[in-house]
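Chemist: I would like the atomic coordinates for the input below:
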Amino acid sequence: MSAANDQAPPPGEPKVGAALRGIGAVVPWAFGMVVVLALFAGYRLRHLELTTAEHGAGYVLGIIGAVMMLLLLLYPLRKRVRGLAFMGGNRFWFRLHMIFGVVGPVLILYHANFRLGSTNSNVALISMLVVAGSGLVGRYIYAKIHHGLYGRKASLAELRGTLDDARSDIAALFAVSSGVRDELFAFSERALQEPSGVLHGLGRIVTTRIDAARTRRRVHRLARRDIAARSRDAGWNRSETRRLLRYVDSKSRVFVRQARAVSEFALYERLFSLWHVLHLPLFFMLVIAAIVHVIAVHFY
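Modeler: Numbers count the residues shown, from 1 in each chain. A predicted model of the protein is given here:
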């Protein structure tokens, strides 16, 4: 038996599909970089007074930003009110919700020239920043319990099924290295222990990730040692040995990732429910603060 037969090469995927997936992965990062650069430039150039809140471009940016923040309500309304089905799919409105939730605050910061002002404007600005920060936290948690940012919701049973498949692959590595198998199974047992509460669960996320990194390093060392011994006994060439080591590393990485996903899923579901309870009142506080700010600016 040679290492070359241990793993068949994966079938090639269509070039167009792969290219589209690559673009889809790059776009959010590019968007984030543009936002960060815009914030950095606006903050560093605030002393030039390029915009003022009372008139001109600064005033217009404030209106556009406020409208964007108000339009954030359309996504939860579309999702919950059946009569609004004519507005289009939830996916479109969710994407718009995510974009407006980032661009709106950036425009309002330019409206304020990255400075504090009167009491009512400060309350509105701080409320907006709190809501924007809460939205980023929600986006992070959302991605943990869905297939990608715009994908369907995952389920614990589905993740456990994937982990079971990965466990079968790891069990098959017994012939290569029993130490690798035992190390990975021991990690999964530690990772899948139920936390006693939310705070304990948050701590477990950190400790499990540290444990995962250590486990992968130990697995790599064990695999390299055992595969080198088998290679000498079987007379494999260097290419076959390296290929088998890459195969073991790949299977180990998948198994560790799936074990972590299962261990964290229930906690992220609970956190997402708690986040919903907190985020909506914060948003309505922002709406009230913005209305008070507009009235104070235009009528007093």
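Chemist: going by C-alpha atoms from here, please, whenever you check contacts or count neighbours.
Modeler: Will do.
Chemist: quick check: pLDDT value at Trp141.
Modeler: Residue 141: Ile, not Trp. According to the prediction, Ile141 has pLDDT 90.
Chemist: how many neighbours does it have?
Modeler: Here the count is done by other CA atoms under 10 Å, and Ile141 has 19 residues near it.
Chemist: same check, this time on Ala213
Modeler: 13.
Chemist: buried sites along the host helix or strand of Met68?
Modeler: Assigned by DSSP states H and E, Met68 falls within helix 56-71. Using 16 or more other CA atoms under 10 Å as the test for burial, helix 56-71 gives 58-66, 68-71.
Chemist: what helices and strands are in contact with it?
Modeler: Applying 3 or more CA pairs under 8 Å, 6 or more residues apart in numbering; DSSP states H and E, one finds that helix 56-71 contacts helix 90-111.
Chemist: checking my notes, Trp236 in a helix, right?
Modeler: No - the assignment for Trp236 (DSSP: H, G, I helix; E, B strand; the rest coil) gives coil, which keeps it out of a helix.
Chemist: tell me the angle of the host helix or strand of Glu240 relative to helix 56-71?
Modeler: Here Glu240, judged by DSSP H and E, is contained in helix 238-299. Going by axes from the mean of the first three to the mean of the last three CA atoms, to 10 degrees, helix 238-299 is angled at 110 degrees with respect to helix 56-71.
Chemist: just how off-centre is helix 238-299 within its chain?
Modeler: 4 Å (CA atoms, centre = their mean, to the nearest Å).
Chemist: for it, give the mean pLDDT please.
Modeler: Here the average pLDDT along helix 238-299 is 87.
Chemist: which strands and helices sit next to that helix?
Modeler: Under the contact rule (3+ CA pairs under 8 Å, 6+ apart), helix 238-299 is packed against helix 119-144, helix 156-171, helix 178-191, helix 198-234.
Chemist: pull the residues that contact the third one.
Modeler: Helix 178-191 is contacted from outside by 167, 170-171, 173-174, 208, 211-212, 215, 218-219, 222-223, 252, 255-256, 259-260, 263, using CA atoms under 8 Å, 6 or more residues apart in numbering.
Chemist: any buried residues in it, and which?
Modeler: Buried, per 16+ other CA under 10 Å, within helix 178-191: Ser178, Gly179, Val180, Arg181, Glu183, Leu184, Phe185, Phe187, Ser188, Ala191.
Chemist: go on, the longest one?
Modeler: Residues of helix 198-234 classed as buried: 201-202, 204-205, 208, 211-212, 215-216, 218-220, 222-224, 226-228, 231 (neighbour count, 16+ other CA under 10 Å).
Chemist: so, low pLDDT: which residues of the protein?
Modeler: Applying pLDDT under 70 to the chain flags the ranges 1-25, 147-156, 172-175, 300.
Chemist: can you list the domain ranges for it.
Modeler: For the chain, the structural domains run 15-152+276-299, 155-271, going by automatic domain parsing.
Chemist: if we can go back for a sec, in CSV: the buried residues of helix 178-191, plus distance to Ser239.
Modeler: As requested, these are arranged in CSV below (distance: CA to CA, whole Å):
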residue, distance to Ser239
Ser178, 22
Gly179, 23
Val180, 21
Arg181, 23
Glu183, 26
Leu184, 25
Phe185, 28
Phe187, 30
Ser188, 31
Ala191, 34
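Chemist: and the residues you listed, which is closest to Phe31?
Modeler: Nearest to Phe31, judged by CA to CA, of these is Ala191 at 34.3 Å.
Chemist: if I look at that closest one, how far off is Thr162?
Modeler: Ala191 sits 15 Å away from Thr162, going by CA to CA, to the nearest Å.
Chemist: can I get stretch 231-242 in CSV, CA atoms only?
Modeler: Output in CSV follows, covering the C-alpha atoms of stretch 231-242 (Å, rounded to 0.1, in the frame of the first residue of the first chain):
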residue,chain,number,x,y,z
SER,A,231,7.8,5.6,5.5
ARG,A,232,11.1,4.0,6.4
ASP,A,233,9.4,0.5,6.8
ALA,A,234,7.4,0.7,3.6
GLY,A,235,10.1,2.3,1.5
TRP,A,236,7.9,5.3,0.5
ASN,A,237,9.6,8.2,-1.4
ARG,A,238,9.6,11.7,0.0
SER,A,239,6.7,12.8,-2.2
GLU,A,240,4.4,10.1,-0.9
THR,A,241,5.4,10.8,2.7
ARG,A,242,4.7,14.5,2.4
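Chemist: chain center to it: distance?
Modeler: Taking CA atoms, centre = their mean, one finds stretch 231-242 lying 40 Å from the centre of the chain it belongs to.
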